[in-house]
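Enquirer: model the structure of this input:
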Amino acid sequence: MTVGNWGAKALLIGVCMVGLIGCQTTTGDTSIPPVQGTAPALSSAPSSAQSSAPQQTVANLSETALISFELNNSGIGGYYGWQLQVTRAANNAGFIPFISNQLSSGQIQRFEVWPDRYAINVYRLGDLQYSGWVDVHPAQITVIYADFGLLFDDVKINNIADPALYQQAKNIPALLTPISSTYSPQTIQDTGGYRFDYRGPQQYGKHVGTGTVTISKAGKEFATIGNAALEDTGISGRIQFADNRTTDGTIVRLNGIYQLAPETRTFWPDGQEFTGRYQVFTPADGLLRMVDGTSWKGALRNERPFGAGRVMFAADGWIDLPSGEMFPNQTGTFSCGGITVPVGECYYHAGTRLASAAELDLLIERDRQIAAKDVKQPRQQATDAPQATETGCRQASGTFHDTTGNSTLTLDTPGQGRGNFISYTFGGAAKYRFEIDFTYTTTPDSISVTYEGIGTYSNAATGEVLQRMTIPSGTVPCQFDRDVLVFDGVEYRK
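Expert: Next up is the predicted model:
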């Protein structure tokens, strides 16, 4: 012990003995550079600090710790202008460096942190008095004690094993900075449009105990997981969704990604239900039961049928669609069957089942004539009207691809013209191609489409046509901004 203020030193020795602590005394030494760099190996810690670590139990593994910066209560010598700076944690993620207020004789400032080894600097009036690393243990107070006197100043580091007894003995008001200000949430995953942020216990770089995971989508809160434990196999804890959907599954880790376990069932408040495979939380492929009792078995995009699959009606019967985007307004001839529906071919127009192929042909011809008339009139109006600056979808032209790269939309000229749509879907190892031509007329926020002839659904590898079908013409919402075209809610880019 270095000679200094003996009254304060005697008090500190008594506190060390009562709290079963290890004490380390360091004299002021401005020749030591401030700590900023790599932490030394744990084996290099002073033996006194290591011996003070208590036997770890399950109960205190996830508890916070305190760093307490304290000054003796003497009014002699350098009794003002002291600051503690903590620059980094050796192992834990999300640590926010901080510096204390300027303290004077008898004052205390405490900081709640997760257990780890921390780099500290102690200053008086801006001059460095001490620089080094300190170990901070769960449910303990690590005291950084500035001891000053007439002859010299020194800094002592003490680990207090019984914080309650120590604080009772001190009985001095202290400013406390909570863990929410010394640690920021840790982003543990950001993929598939979902960001996972974890706030919870850490100990020397490892997650221990339970915390809270906040999941956001497009910048908005999507779900929270309370009492969340991060494990190699997934995240345990109760999931609460912002839209009040519920699930009966767990979050597992597959190929390094946290996601809902396959075959998990998700229930929406309106009665919709999905069971199958997910991309994080987004239904990707499986069985979607809709509010009216109709079901879709196949792939999904934006929680809507996509690609080849089967529609199963609530009453009875099913139809196979080459493209789920056609539902519920499918037009054409489709394979069908059921308990009371003979297996064979069924005829639909705009989602309504027809009695025969002849009836379907009549309705398709009627649609063609109406669409031709509707297209001719806007073209004449466009010819007669004075020219104006085109905006929105009136400017769209070129070749666009959806976000998956499986669908291509081509518009040959701005405003109105001819177009083409090609979409690839998958069924097991097989790849299928759907293609159809159309004419179109656009407004700034809509596009009117007249499909020409019959769309073809074929084997992409062999070119064999598997099915021919018509698609009803119509008008859908449209948005366009330079290279991004949103067509009927689906985003395409040049």
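
Enquirer: state the pLDDT value of T389.
Expert: Looking at T389, its pLDDT reads 59.

Enquirer: can you pull out the helices in the chain?
Expert: Taking DSSP state H as the criterion, the chain carries its helices at 6-18, 47-51, 163-170, 179-182, 357-384.

Enquirer: from the contact counts, what lies against the fourth one?
Expert: The helices and strands touching helix 179-182, judged by 3 or more Cβ pairs under 8 Å, 6 or more residues apart in numbering; DSSP states H and E, are strand 108-113. (Each C-beta comes from the backbone N, C-alpha and C, glycine too.)

Enquirer: what is the neighbour count of E70?
Expert: By the criterion of other Cβ atoms under 10 Å, E70 has 25 neighbours.

Enquirer: how about the one 5 residues further on?
Expert: As a burial measure, G75 scores 10 neighbours (other Cβ under 10 Å).

Enquirer: roughly how far apart are it and Q109?
Expert: The gap separating G75 from Q109 is 19 Å, by Cβ to Cβ, to the nearest Å.

Enquirer: kindly report the same for D402.
Expert: Going from D402 to Q109 by Cβ to Cβ gives 56 Å.

Enquirer: higher neighbour count, these two?
Expert: Set side by side, D402 and Q109 show more neighbours around Q109, with 21 against 17, by other Cβ under 10 Å.

Enquirer: surely I251 touches I239?
Expert: Yes: if you go by Cβ atoms under 8 Å, I251 and I239 touch, sitting 7.2 Å apart.

Enquirer: the two: which is more packed in?
Expert: Set side by side, I251 and I239 show more neighbours around I251, with 25 against 20, by other Cβ under 10 Å.

Enquirer: look up the closest residue to the more buried one, ignoring the ones flanking it.
Expert: Spatial nearest neighbour of I251, chain neighbours left out: I235 (4.4 Å); criterion: Cβ to Cβ, 6 or more residues apart in numbering.

Enquirer: thinking again about what came up before, pull up the overlap in contacts between I251 and I239.
Expert: In terms of Cβ atoms under 8 Å, 6 or more residues apart in numbering, I251 and I239 are both contacted by the residues I225.

Enquirer: now the end-to-end length of stretch 252-269.
Expert: Taking Cα to Cα, to the nearest Å, stretch 252-269 runs 24 Å from one end to the other.

Enquirer: list the buried ones in it?
Expert: V252, R253, Y258, Q259, L260, A261, T264, R265, T266, F267 (16 or more other Cβ atoms under 10 Å).

Enquirer: centre of the chain to it, how far?
Expert: Relative to its chain's centre, stretch 252-269 lies at 14 Å (Cα atoms, centre = their mean, to the nearest Å).

Enquirer: now the spatially closest residue to S184 that is not a sequence neighbour: how far from R353?
Expert: Of all residues not flanking S184 in the chain, G94 sits nearest, at 4.7 Å (Cβ to Cβ, 6+ apart). Distance of G94 to R353, given as Cβ to Cβ: 59 Å.

Enquirer: quick check: chain neighbours aside, which residue is closest to the most centrally placed residue in the chain?
Expert: Centroid check for the chain by Cα atoms, centre = their mean gives R195 as the closest residue, at 1.2 Å. Distances taken as Cβ to Cβ, 6+ apart put S216 closest to R195, at 4.8 Å, once the chain neighbours are dropped.

Enquirer: can you pull the contacts of that neighbour?
Expert: When the contact criterion is Cβ under 8 Å, 6+ apart, the partners of S216 are Y194, R195, D197, F222.

Enquirer: any idea of the mean pLDDT for stretch 422-441?
Expert: Stretch 422-441 comes out with an average pLDDT of 86.

Enquirer: end-to-end on that stretch?
Expert: The first residue of stretch 422-441 is 19 Å away from its last residue (Cα to Cα).

Enquirer: pull out the buried residues from that stretch.
Expert: Quick answer for stretch 422-441 (16+ other Cβ under 10 Å): S423, Y424, T425, Y432, R433, F434, I436, F438, T439, Y440, T441.

Enquirer: can you list contacts of that stretch?
Expert: By Cβ under 8 Å, 6+ apart, the residues outside stretch 422-441 that reach it are 299, 306-308, 322-323, 325, 375, 378-379, 406-408, 411, 415-421, 447-461, 466, 471, 473.

Enquirer: which among those end up buried?
Expert: Buried among these (16+ other Cβ under 10 Å): 299, 306-308, 322-323, 325, 375, 378, 406-408, 411, 415-416, 419, 421, 447-452, 455-458, 471, 473.

Enquirer: low-confidence ranges, the stretch 151-300 of the chain, go.
Expert: Low-confidence segments of the stretch 151-300 of the chain, defined by pLDDT under 70, are located at 151-152.

Enquirer: before we move on, back to that, most widely separated two among the buried residues of stretch 252-269?
Expert: R253 and F267 (23.5 Å; Cβ to Cβ).

Enquirer: could you list the domains of the protein?
Expert: Residue ranges for the domains of the chain, per automatic domain parsing: 6-182, 186-262, 389-493.

Enquirer: is it possible to get a markdown table of the buried residues of stretch 422-441 that adds distance to G332?
Expert: What follows is the buried residues of stretch 422-441, written out as a markdown table (distance: Cβ to Cβ, whole Å):
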| residue | distance to G332 |
| --- | --- |
| S423 | 15 |
| Y424 | 19 |
| T425 | 16 |
| Y432 | 15 |
| R433 | 16 |
| F434 | 11 |
| I436 | 11 |
| F438 | 15 |
| T439 | 19 |
| Y440 | 20 |
| T441 | 24 |
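
Enquirer: which pair in these spans the largest distance?
Expert: Of all pairs in these, the most separated under Cβ to Cβ is Y432 and T441 at 30.0 Å.
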